[in-house]
Each structure stands twice: as structure tokens, then as C-alpha cells.
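1. only geometry, no sequence info:
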């Protein structure tokens, strides 16, 4: 059994799936027609029987594919490059059937063989990674999806140059995922861990802009629209960082801690007659909780102020880009100006909330 025959069998299974879905759609259309006419559907039982038979045939084919895959592995070895496309097909087939965990397993194997045969930084991995990430997200395995998102970014940022269109596309896709993950707290991480993720994302956006970096002749320069999207994403991440820090300020910071405390202390002393007596009195010393309180307060103040300042600077860069690029001003009925105004409103709200918050701590 060779790879060509195997792919032919897989194509037959895809045809069966198409027939099954087609039968279901025809059944739905017929059912709707019967409802409209008020008459029963005499074909319903026959159609149901056909669907069940088709489903059984698909199940039989799946078992057959597993057996054939094992035969191929015996003939070619478990890491033969010719298995890559077969495993990708099996992953796609299971993904379409909603068998997400099985799909992820096939894509994982395909990725592993690709990395062995083509190298750790080969561009052929990207297609497999995209499908693998989709399978993990569909199954709700957010940790695995996040790991693969990081791997995809790691590979793409070594394949492409900062300031290029391809590099920017990779970073924009990663940033969209990261913001979704943090907003939903999909990984159930601590507040501090989420804040650091957003701060790291700002740095990644800055790297993608590639300011002052000369591109090689074979790299496509970043388009003006993409540069706008990157700057917008960077400003939004900076604003989110400030907002996240504001909403994460510990409750204790709104209750100031006294720097000094008074304590009533007694100690043993020896008098002139050589006798031991107690001497008691009130002493003033530094509150051990004060230093920790100040460190926490400065921690949140610094992060909020840095994020607010960075947001303002990026908004100014965006405005300068729009002013110097006429087509951005008119494209999509002035969408760039609208998005800039949204960022300014967001920043103004954060500044207001920060002023109100800092008055309490």
C-alpha cells in the first residue's frame, strides 16, 4: 500500500462525508417543503436509513485508514517525509468531522516529521501549525493552543525580517490571540502574569515595526495600512495594560499605612543596687508593613504611568502616519480617523480613572 493509493482511499471517504451532508441538507429541504404543504414526507424513513448506512460506512472507512496508515509506517518508517501529506489529510478529515482531539494528534505527528525532515525553522511548518492551532482551539485546549501560537511566532520571526509585511502579519495574528486569551483569562493565570503578557505584547509590536531597520531586497516592505494596523494594535495594548493595572490595584492600597507605629515596651534593667527591675515605656518605630505598601503602590503607579505615556506617544505616531499618507485619510470613509478618535477616548477615560484612583492611594 503506497501513499498514492492511501490518498485515493481518503478522497473516497471525503466523498462519503459529502454525500452524508448532502443527504441531510436534502432532508431538511424536503422537511421544509412538507411543512409548507402540510403533507407528511414519505421519504423521511428511507432518507434516515440511507444516512445511517452512510455513517456506518464512514466508520468502517476510518478503521480501514488506521490499518493502512500502520502498513505505510511499517513500509516507510514512522518518520518518513512521505507520511506528512497523509497525516495532514487525516487531520483535516477529522477536523471537518468535529473530531478535534484526533485531528490535533494527526497534525502533531505531521508537524514532528516536518521539523525532522525540513529543519526547525522551515516555512513548511506554518501551514501545519495553523491547522493544529485551530484543532486545539476547537477542542478548548487553550494551553496547547497558546504553546503552538508561541512556536508559530518564534518560527515566523526568524523566517522574516522586522519591518517586512510577512513579519507584521505574523505579529498581528499573534497579538489578536494574546488579547483574546488575556481578556477571557483562558489559561486561568494570575493578574500579574496577564499584565506581563500584555507588556510583552507591546514589545513584540514595537519589534515588528522595524523602525530604522534596512530590509533585504527579497523582503516585501510593510504596507502603510499594515503599519497603521500595527501602531493601532500597539496603542490598544498599551491602553489595555494601563486599564488592566488600574482594575487590578489591590484593595488594601486605598487604606494608607502609617509609616511609624508606637509600641509599649518593657525591658529588664539592673539598678544601682544590683537588682533586676523592669523599665516600661512607649517607643516609636517604623511600621514593617509600610515598606511593602509603598513598594506595591509604586509598582502599580509606574506601570500605569508608563502605559499611559506610551499610549500617547503611539497615538501621535499614528496621527503623523495618517497626515503623511493621503489614502489613509480617505480609505473606508475615513476609518483611520475614527479609530484614532476611539484611542483618544480610551486614553482620556484611563487618565480620568487613574486620577480618581490615585487620590485614594
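-> That came in fine, so what should we check first? Because the structure is a prediction, the values reported are computed rather than measured.
2. which intervals of the stretch 1-150 of the chain have sub-threshold pLDDT?
-> For the stretch 1-150 of the chain, the stretches with pLDDT under 70 are 1-51, 54-55, 58-59, 61-62.
3. residue boundaries of the helices in it?
-> 3-37, 44-76, 83-96, 100-118, 125-139, 142-159 (DSSP state H, counting those that start in this stretch).
4. For the fourth one, list every residue counted as buried.
-> In this case it means helix 100-118. Residues of helix 100-118 classed as buried: 100, 102-111, 113-115 (neighbour count, 16 or more other Cβ atoms under 10 Å). C-beta coordinates here come from the backbone N, C-alpha and C atoms, glycine included.
5. Looking at those, spot the one nearest residue 259.
-> Closest approach between the buried residues of helix 100-118 and residue 259, by Cβ to Cβ: residue 104, at 56.1 Å.
6. ok, and the closest non-adjacent residue to that closest one?
-> Nearest-residue entry for residue 104: residue 135, 4.0 Å, with adjacent residues in sequence omitted and distances by Cβ to Cβ, 6 or more residues apart in numbering.
7. Pick out the residue nearest the middle of this protein.
-> Centroid-nearest residue in the chain: residue 177, 2.6 Å away (criterion: Cα atoms, centre = their mean).
8. Please name the residues that touch that one.
-> 145, 146, 149 (Cβ atoms under 8 Å, 6 or more residues apart in numbering).
9. just residue 191 next, same as before
-> Residue 191 neighbours (Cβ under 8 Å, 6+ apart): 244, 248.
10. Then residue 204?
-> Contacts of residue 204 (Cβ under 8 Å, 6+ apart): 153, 171, 174, 175.
11. for the last one, what are its contacts?
-> Looking back up the chat, that one is residue 175. 201, 204, 205, 233, 237.
12. so it sits in a strand?
-> No. Under the criterion used here (DSSP: H, G, I helix; E, B strand; the rest coil), residue 175 is helix, not part of a strand.
13. And it, how far from residue 140?
-> 22 Å (Cβ to Cβ, to the nearest Å).
14. And for residue 280?
-> 65 Å.
15. before we move on, what about residue 186?
-> 9 Å.
16. Compare the two and say which one has the larger neighbour count.
-> Neighbour comparison, residue 186 and residue 140: the larger count goes to residue 186, with 16 against 10 (by other Cβ atoms under 10 Å).
17. Does the more buried one touch residue 142 like I think?
-> Yes. The criterion here is Cβ atoms under 8 Å, and residue 186 meets it with residue 142 at 4.1 Å.
18. The spatially closest residue to residue 207 that is not a sequence neighbour: what secondary structure?
-> In space, residue 207 comes closest to residue 162 once its chain neighbours are excluded; the distance is 5.5 Å by Cβ to Cβ, 6+ apart. Secondary structure for residue 162, judged by three-state DSSP, is coil.
19. And for residue 282?
-> strand.
20. Can you give me the neighbour number for it?
-> Neighbour tally, residue 282, other Cβ under 10 Å: 8.
21. quick one: contacts for residue 220?
-> Going by Cβ under 8 Å, 6+ apart, residue 220 touches 164, 165, 166.
22. Would you format those as TSV with distance to residue 213 and neighbour count included?
-> Converted to TSV, the contacts of residue 220 look like this (distance: Cβ to Cβ, whole Å; neighbours: other Cβ atoms under 10 Å):
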residue	distance to residue 213	neighbour count
164	9	22
165	14	17
166	14	16
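23. for these, which one is nearest residue 131?
-> Distances from residue 131 to the contacts of residue 220, taken by Cβ to Cβ, are shortest for residue 166, at 19.0 Å.
24. okay, that closest one: pLDDT?
-> At residue 166, the model reports a pLDDT of 96.
25. Grab the nearest non-local neighbour of it.
-> Closest to residue 166 by Cβ to Cβ, 6+ apart is residue 160, at 4.1 Å.
26. And the pLDDT for the one you found?
-> At residue 160, the model reports a pLDDT of 96.
27. Could I get the contacting residues of it?
-> Counted by Cβ under 8 Å, 6+ apart, residue 160 has contacts 166, 167, 170, 219.
28. repeat that with 10 Å
-> Contacts for residue 160 (Cβ atoms under 10 Å, 6 or more residues apart in numbering) come out as 123, 166, 167, 168, 169, 170, 171, 208, 215, 219, 220.
29. rewinding a little: so what's the residue count around the residue nearest to residue 104?
-> By the criterion of other Cβ under 10 Å, residue 135 has 26 neighbours.
30. and the residue nearest to residue 207, what is it in contact with?
-> For residue 162, the contact set (Cβ under 10 Å, 6+ apart) comprises 168, 171, 206-213, 215, 219, 222.
31. Please report how far it lies from residue 209.
-> For residue 162, the distance to residue 209 - Cβ to Cβ - is 7 Å.
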